[in-house]
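*Asks:* take a look and give me a structure for this.
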Amino acid sequence: MTTAGDETTSPVDRRTTAASPREAGLLAVDHLSIDFGRRHRPAVRDIGFTIAPGQRLGLIGESGSGKSVTALALMGLLPDNAHVSGSVRWRGRELLGLGDREMSRLRGDQMTMVFQEPMTALDPTMKVGRQVAEALRLHNSSASSARQAVVEMLEQVGLTEPHRVAESYPHQLSGGQRQRALMAMALVNSPDLVICDEPTTALDVTVQARVLKILDEVLDAVGAACLFISHDLAVVSQVCADIMVMRDGSLVESGPVDRVLSHPEHPYTRRLLRAAQLDLVEPGQRIILEDE
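*Replies:* Reported below is the predicted structural model:
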């Protein structure tokens, strides 16, 4: 994983690839800046990073640091009053400036997103199975094949009784079930990149652990890369091999998770670690909370 002015190579496991993202041709962001006109400072300032196929990249920072705005820019979901400069290239193709019709061919198929709050992201008037199927139907699956794929995907994300869940409305499911339904929607087309924006924040610790484990397994199963956005360093350390630290719209540090969390170079990263009560551990060890 590289960021502007920094180049690092992650250690080795199924969560990363050795190939250069630019060579592999997945996602490359250069000099991305975003502002909304009325702000005294940009929401995002001149950031750059790349994501290779299969890579797990975490983006951490406190609320308001620009993490979610960055994700929305990648997906082409910023509001009309956003002023965006720089470059976002998907397999070498520039995405900034594309119309919504062209972006919609990528969204839900090659690039997908899991949002923080499922009750906001899910349509309360539509059954869950139909919502998962919409992504398939929009990308040319037949109705019969979509029905079977929906049930299989709901089962794959750890939902018992997938037929019942498919026939349920969002309010009839628990928070953990709704979040897994969102994961099913994002993963049903076997995308190349899944962007997860604080996907477990609203869940209790036990449910969160199970959802993260399922996410890890299904990302492997479909071969997707992941940009995992969170303020929770412990969560990111479980999901990702590489990490970027964001503050006030800028990337202040990046590198392999073990290195950044064991030997943080930027004062802000060190403050985040202290605030999260994380142990600074030797590379290769699991990052754990002090009270675990």
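*Asks:* need the contact list for Val252.
*Replies:* Val245, Met246, His266, Tyr268, Thr269 (Cβ atoms under 8 Å, 6 or more residues apart in numbering). For glycine as for every other residue, the C-beta is placed from the backbone atoms N, C-alpha and C.
*Asks:* mean confidence score for the helix or strand where Thr269 lies?
*Replies:* Per DSSP states H and E, Thr269 falls inside helix 267-275. Average pLDDT, helix 267-275: 88.
*Asks:* for the contacts of Val252, which one is nearest Leu227?
*Replies:* Met246 (12.0 Å; Cβ to Cβ).
*Asks:* so where's the stretch 151-292 of the chain shaky on pLDDT?
*Replies:* Along the stretch 151-292 of the chain, segments meeting pLDDT under 70 span 277-292.
*Asks:* mind jotting down where the strands sit in it?
*Replies:* Assigned strands in the stretch 151-292 of the chain, in chain order: 193-197, 225-230, 242-247, 250-256 (criterion: DSSP state E, counting those that start in this stretch).
*Asks:* give me the angle between the last one and helix 267-275.
*Replies:* If you take axes from the mean of the first three to the mean of the last three Cα atoms, to 10 degrees, strand 250-256 sits at 70 degrees to helix 267-275.
*Asks:* sheet-wise, list the partners of strand 250-256 with their directions.
*Replies:* strand 242-247 (antiparallel) (DSSP bridges).
*Asks:* ok, the closest residue to Gly176 other than its chain neighbours to Leu98 distance?
*Replies:* Excluding the flanking residues, the one nearest Gly176 by Cβ to Cβ, 6 or more residues apart in numbering is Val207, at 3.9 Å. Here Val207 is placed at a distance of 37 Å from Leu98 (Cβ to Cβ, to the nearest Å).
*Asks:* do Val257 as well
*Replies:* Val257 is 32 Å from Leu98, by Cβ to Cβ.
*Asks:* any idea how many residues pack against Arg271?
*Replies:* By the criterion of other Cβ atoms under 10 Å, Arg271 has 13 neighbours.
*Asks:* hmm, Leu159 is touching Leu182, no?
*Replies:* No. Leu159 is beyond contact range of Leu182, at 11.5 Å (criterion: Cβ atoms under 8 Å).
*Asks:* give me the more crowded residue out of those two.
*Replies:* Remark: of Leu159 and Leu182, Leu182 carries more neighbours, 26 against 23, as counted by other Cβ under 10 Å.
*Asks:* what's near enough to touch that one?
*Replies:* Neighbours of Leu182 in contact, by Cβ under 8 Å, 6+ apart: Val114, Phe115, Pro118, Ala121, Leu122, Pro199.
*Asks:* can you rerun that using 6 Å?
*Replies:* Each residue near Leu182 by Cβ atoms under 6 Å, 6 or more residues apart in numbering is listed here: Val114, Pro118, Ala121.
*Asks:* Leu219: which of those residues is nearest?
*Replies:* The closest of these, once distances to Leu219 are taken by Cβ to Cβ, is Val114, at 10.8 Å.
*Asks:* any idea how far Asp232 is from Phe49?
*Replies:* Phe49 is 20 Å from Asp232, by Cβ to Cβ.
*Asks:* looking at those two, which has the bigger crowd around it?
*Replies:* For Phe49 versus Asp232, neighbours defined as other Cβ under 10 Å are more numerous around Phe49 (23 against 16).
*Asks:* relative to Ile195, how far out is Val205?
*Replies:* Distance from Val205 to Ile195, by Cβ to Cβ: 23 Å.
*Asks:* sorry, that was for Ser63
*Replies:* Taken as Cβ to Cβ, the span from Ser63 to Ile195 is 18 Å.
*Asks:* what about those two, which has more around it?
*Replies:* Between Ser63 and Ile195, Ile195 has the larger neighbour count (other Cβ under 10 Å), namely 27 against 8.
*Asks:* which strand residues bridge the more buried one?
*Replies:* Applying DSSP bridges to Ile195 gives these bridge partners: Met113, Leu227.
*Asks:* ok, it - contacts?
*Replies:* Residues in contact with Ile195 (Cβ under 6 Å, 6+ apart) are Ala71, Met113, Leu227.
*Asks:* before we move on, back to that, filter the contacts of Val252 to the buried ones?
*Replies:* By neighbour count, with 16 or more other Cβ atoms under 10 Å, the contacts of Val252 hold Val245, Met246, Tyr268, Thr269 as buried.
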